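Q: pasting the sequence and the predicted coordinates here, then a few questions.
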Amino acid sequence: MTTDTFRIGAREQLETFGEILGAPVYQAGDGNRLAEVLDLLSSRRLVLIDTAGRLHVDEPLMVEIAALAAAVEPREILYVADAMTGQDAVKSAQEFGRVLALTGVLLTKLDGDTRGGAALSIKSVTGVPIKFVGTGEKTDGIEVFHPDRLSSRILGMGDMLTMIEKAEAVMDQEETARMEKKLRAASFDLDDFL
């Protein structure tokens, strides 16, 4: 369910994802979003609630999200952090952690130039684990978080294991073994990457 009536295209974006995943998407109207969420919860086993994106300094939106969390009593509250925001994400995460009982973090945009250094600080100030990372705009762009892989990335060593896993998904065993051997021997080149 989306309760985001502020961002242009938010509803359409979630409808598109819902169609791709074969999951129903419910849109809260411009009226009492909390009542609509509670009504939906009574008829479904699992509900994902996408709230309006907000800045931690936007007090009315922070009050709204706190009221929603108090009324719904969700099992999981994930803070979605943009990895490109850098250290400013730390201030935001800290404030969200103060207002909400966060259970985890989803760190997005790790498919770009960012190495994800803010992840360590966000983990430190929120005290909750990073559970997922976003590596793209498609439905397969959310992955389970592996701390050791992010450490390698932060240190500039790259994330070879994830690359190998993705290659295994599209190549046969023999080809995968050949590519892994080239990676380990540091003879992997741009032609292999392509």
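A: Received it, and whenever you're ready, just let me know what you need.
Q: okay, now the unreliable bits of the protein?
A: Scanning the chain with the threshold set as pLDDT under 70 gives 1-7, 28-34, 52-57, 86, 111-117, 149-168, 170, 193-194.
Q: I'd like the next helix or strand past the lengthiest helix in the chain.
A: If you go by DSSP state H, the chain has its longest helix at helix 59-72. Next helix or strand after helix 59-72 toward the C-terminus (DSSP states H and E): strand 78-82.
Q: only the C-alpha atoms, please, for that next one, written as CSV.
A: C-alpha atoms of strand 78-82 as CSV (Å, rounded to 0.1, in the frame of the first residue of the first chain):
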residue,chain,number,x,y,z
LEU,A,78,13.1,-0.3,7.5
TYR,A,79,14.9,3.0,7.1
VAL,A,80,15.7,3.5,3.4
ALA,A,81,19.0,5.4,3.0
ASP,A,82,20.4,6.8,-0.2
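Q: show residues contacting it.
A: For strand 78-82, contacts defined as CB atoms under 8 Å, 6 or more residues apart in numbering pick out 89, 92-93, 96-97, 100, 102-109, 118-119, 122, 126, 128, 131-132. Every C-beta, even on glycine, is put in place using the N, C-alpha and C of the backbone.
Q: off-centre distance for it?
A: On the basis of CA atoms, centre = their mean, to the nearest Å, strand 78-82 is displaced by 6 Å from the centre of the chain it belongs to.
Q: what packs against whatever helix or strand residue 92 lives in?
A: Element membership of residue 92 [criterion: DSSP H and E] is helix 88-99. If contacts are counted by 3 or more CB pairs under 8 Å, 6 or more residues apart in numbering; DSSP states H and E, helix 88-99 sits against helix 59-72, strand 78-82, helix 118-126.
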